[in-house]
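Asks: Pasting the sequence and the predicted model now:
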Amino acid sequence: MAAIDPTQNASDVNSLLKTSADKYVSLGELLDYNKPDNRDLLVKTYGDQGITGFLQLTGATRSGGTNDEVQYWEEGRLHKTVAVTNIAAADAESDVSLTVASYTNGTDNPVRLNDILLTPGGDRLVVTGLADGSTVTCRSMDGSAVTVDDTDHNLPIIGNIYAQGTGQPSQFFQTDVTKRTNPYFITKETYHVNGSQATNIGWINIGNGDYRWYVKGEMDTRKRFMNQREMMMLLSQKWGEDLGNDSNDSIALAGGEKSAGSEGYFDAIEHRGITTTGTFGDGAGFADIDEIIFELDKQGAPAEYAMYVDTATSLKIDDMLAAGIATQTTAGLPGQFGAFQNSADMAVQLGFKSFSRGSYTFHKHGWKLLSDPTLLNSFNAGEKPYLGAMIPMTQVTDAKTGTKAPALEMNFKETNGYSRELEHWVEGGGVLGFKTNDEDLAKFHYRSECNLITRAANQHVLLKA
């Protein structure tokens with residue numbers, strides 16, 4: 001009978017066996033390839049790495065859009081001020097000459113005859129003459145001498161005064177309404193797996209008893225896409241905005257393509273809002289928050305704010321509050337919780353820590369975006385650009401329609417049931433059942449066309465390093 005010699009393609013069994021008793025001391029050493037003691041739980045070493053949720057927690061709404069850009073309207077200041085570059089001192093009952101910036105006498109004057117201006121020293125000046133050029137002639141209302149330092153001032157118009165039997169003003173002040181536009185941006189991502197890898201089973205349980213590693217790769221790609229989409233709504237910029245250009249100008253992209261860009265949340269505040277630097281420095285106490293409050297008062301801000309900050313700033317605020325409570329200041333007194341249905345417990349459950357100062361209530365929350373070393377905390381020490389933001393938790397009124405809307409609005413292109421908020425589709429050459437081409441691949445695609453509208457950006461605060 002012929003001898004049969006078994007063979008192995010991948011490896012020689014004889015090389016794996018210790019075939020004589022003198023070569024092993026226990027049965028467990030018979031084979032080198034023992035089954036590993038595998039623990040299949042995938043450990044989340046860095047916790048939940050998703051950063052989305054900021055826009056939802058701050059009350060941002062979702063709206064559909066049907067054009068390449070969104071236009072919206074913002075009301076200007078109701079009362080007028082006059083920018084003056086020079087006020088000439090004058091004796092009693094003498095004319096006072098004002099040099100008004102950007103002024104040419106005509107039909108759209110920043111000031112009218114008989115208007116009354118208030119100076120920093122408390123003098124009331126009645127406008128008596130409007131000359132060609134930039135000179136406005138005034139008289140002291142009570143006939144006293146006028147002494148003003150020779151610096152730039154914004155003088156408020158507090159009213160006007162007319163003699164008996166005179167007619168109405170020949171000019172009127174037009175209400176300021178600003179039209180703003182913000183283009184949509186398109187962001188995309190993709191993930192590929194070939195047919196062989198799609199059928200492989202691994203050692204790691206990626207969730208719900210599934211050991212297919214490509215599923216983990218696809219889930220991570222989706223989460224990364226959602227994170228980057230939110231970061232684009234926060235950090236995107238519109239082309240040429242600092243140069244005064246409009247959205248018809250565009251960024252030259254790869255391959256000669258173009259995009260107008262889109263104004264993100266931080267960009268809106270940097271151009272139209274309140275920015276601070278070095279906020280809540282060591283030993284500053286309540287001085288920094290008080291400066292912000294003074295500026296909020298000027299902007300007609302609401303009484304309730306959400307503060308999203310990095311860890312270092314959060315700790316400094318905690319130290320500030322602890323010191324404030326010890327010295328019996330207003331910090332630490334019960335705050336308002338209107339944004340949380342007047343429930344302090346709800347604010348705590350959502351991770352907010354609240355305090356009051358003056359007539360304002362601030363709800364502090366950590367912001368993972370600013371603390372993650374692979375995102376906005378990836379810079380060298382002292383180089384981080386942003387420390388946090390303060391968002392009004394209120395609704396603003398549209399100056400054109402009177403409709404009340406949240407301060408932040410996420411917009412996505414959609415019409416007739418087709419939405420580009422989050423498009424997801426798969427193509428492939430039979431892999432996973434998707435038969436659209438002849439490639440031995442399954443291609444997962446993600447796409448979103450969206451933008452963020454920041455209404456009344458003047459009431460938002462950006463904390464910069």
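Replies: Alright, I've got the coordinates.

Asks: tell me the mean pLDDT over stretch 201-212?
Replies: Averaging pLDDT along stretch 201-212 gives 87.

Asks: Which parts of it count as buried, going by neighbours?
Replies: Residues of stretch 201-212 classed as buried: 204, 206, 212 (neighbour count, 16 or more other Cβ atoms under 10 Å). Quick note: C-beta positions are derived from backbone N, CA and C, even for glycine.

Asks: Ok, stretch 136-146 next?
Replies: Using 16+ other Cβ under 10 Å as the test for burial, stretch 136-146 gives 136-140, 146.

Asks: go on, stretch 72-87?
Replies: Within stretch 72-87, the residues scored as buried using 16+ other Cβ under 10 Å are 72, 74, 80, 82, 84, 86-87.

Asks: go on, stretch 114-124?
Replies: With the criterion 16+ other Cβ under 10 Å, stretch 114-124 contains buried residues 115-119, 123-124.

Asks: cool, stretch 271-282 as well?
Replies: So, applying 16+ other Cβ under 10 Å, buried residues of stretch 271-282: 272-274, 276, 279-280.

Asks: any idea which helix or strand carries the residue nearest to residue 313 when sequence neighbours are not counted?
Replies: Excluding the flanking residues, the one nearest residue 313 by Cβ to Cβ, 6 or more residues apart in numbering is residue 387, at 4.7 Å. In the assignment (DSSP states H and E), residue 387 maps to strand 386-392.

Asks: heading toward the C-terminus, what's the first helix or strand past the top helix by length along the chain?
Replies: Counting by DSSP state H, the longest helix found in the chain is helix 213-235. Downstream of helix 213-235, the first helix or strand assigned by DSSP H and E is strand 251-252.

Asks: Helix, strand, or coil at residue 62?
Replies: Assigned with DSSP: H, G, I helix; E, B strand; the rest coil, residue 62 falls in the strand class.

Asks: what about the nearest residue to it once chain neighbours are set aside, is that helix, strand or coil?
Replies: Nearest residue to residue 62 in three dimensions, chain neighbours excluded: residue 410, at 5.2 Å (Cβ to Cβ, 6+ apart). Here residue 410 is strand, with the state taken from three-state DSSP.

Asks: show me what contacts residue 410?
Replies: 55, 60-63, 233, 450-453 (Cβ atoms under 8 Å, 6 or more residues apart in numbering).

Asks: Give me the buried subset of these.
Replies: 55, 60, 233, 450-453.

Asks: For the residues you listed, give me a markdown table that also has secondary structure and distance to residue 221.
Replies: Listed next are the buried ones among the contacts of residue 410 as a markdown table, based on DSSP: H, G, I helix; E, B strand; the rest coil; distance: Cβ to Cβ, whole Å:
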| residue | secondary structure | distance to residue 221 |
| --- | --- | --- |
| 55 | helix | 21 |
| 60 | coil | 24 |
| 233 | helix | 19 |
| 450 | strand | 18 |
| 451 | strand | 23 |
| 452 | strand | 23 |
| 453 | strand | 28 |
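
Asks: With respect to residue 293, which of those is nearest?
Replies: Checking the buried ones among the contacts of residue 410 against residue 293 with Cβ to Cβ, the nearest one is residue 60 at 24.2 Å.

Asks: Check the gap between the closest one and residue 355 for me.
Replies: Counting by Cβ to Cβ, to the nearest Å, the separation of residue 60 from residue 355 is 24 Å.
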